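**Student:** Sequence isn't available, so here's the structure alone:
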């Protein structure tokens, strides 16, 4: 099995323009310890660090997430929090 093993799809409330085109959903992969380490090493405040990590987990640039609605960003944050639960307690992981 390769890690991270799980991803989840976040359907956005409105399309997001990225360098690779418009996205109506983001695929967020399960964080690894390496992601958490990168989070700690990232410059900036807590929100900037979080945005950088979530962007990495979604395969987009941090600056692309700046245009997300607060609702859509909150969905991403909840998905990350869900990945911190034991696999059997996760409500909706997709492999």
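**Tutor:** Cool, got the structure. In this text, all values refer to a predicted model and were calculated from it rather than measured experimentally.
**Student:** Residue 10 is in contact with residue 79, isn't it?
**Tutor:** Yes - counting by C-beta atoms under 8 Å, residue 10 touches residue 79, with 5.9 Å between them. Yep, even glycine has a C-beta here, placed from its N, CA and C like the rest.
**Student:** Among those two, which residue is more densely surrounded?
**Tutor:** Neighbours around residue 10 and residue 79, counted as other C-beta atoms under 10 Å, are more numerous at residue 79. The numbers are 22 against 18.
**Student:** Shouldn't that one be within a helix?
**Tutor:** Yes - using DSSP: H, G, I helix; E, B strand; the rest coil, the assignment for residue 79 is a helix.
**Student:** returning to that earlier point: need the overlap of contacts for residue 10 and residue 79.
**Tutor:** Both residue 10 and residue 79 are contacted by residue 28, under the criterion C-beta atoms under 8 Å, 6 or more residues apart in numbering.
**Student:** Can you list the buried residues in stretch 17-31?
**Tutor:** Judged by neighbour count using 16 or more other C-beta atoms under 10 Å, the buried positions of stretch 17-31 are 18, 23, 26, 28, 29, 30, 31.
**Student:** between the residues you listed, which is nearest residue 83?
**Tutor:** The shortest separation between residue 83 and any of these is 4.9 Å, and it belongs to residue 30 (by C-beta to C-beta).
**Student:** Now do the phi/psi pair for the closest one.
**Tutor:** For residue 30, the backbone dihedrals are phi -60, psi 130 (criterion: degrees, to the nearest 10).
**Student:** Please report how far it lies from residue 84.
**Tutor:** The span separating residue 30 from residue 84 equals 10 Å under the rule C-beta to C-beta, to the nearest Å.
**Student:** where along the protein do the strands fall?
**Tutor:** Using DSSP state E, the strands of the chain run over residues 7-18, 21-29.
**Student:** Please convert these to JSON lines, extending it with distance to residue 56 and mean pLDDT.
**Tutor:** Supplementary listing: the strands of the chain in JSON lines, determined by distance: least, C-beta to C-beta, whole Å; pLDDT from 0 to 100:
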{"stretch": "strand 7-18", "distance to residue 56": "13", "mean pLDDT": "95"}
{"stretch": "strand 21-29", "distance to residue 56": "9", "mean pLDDT": "95"}
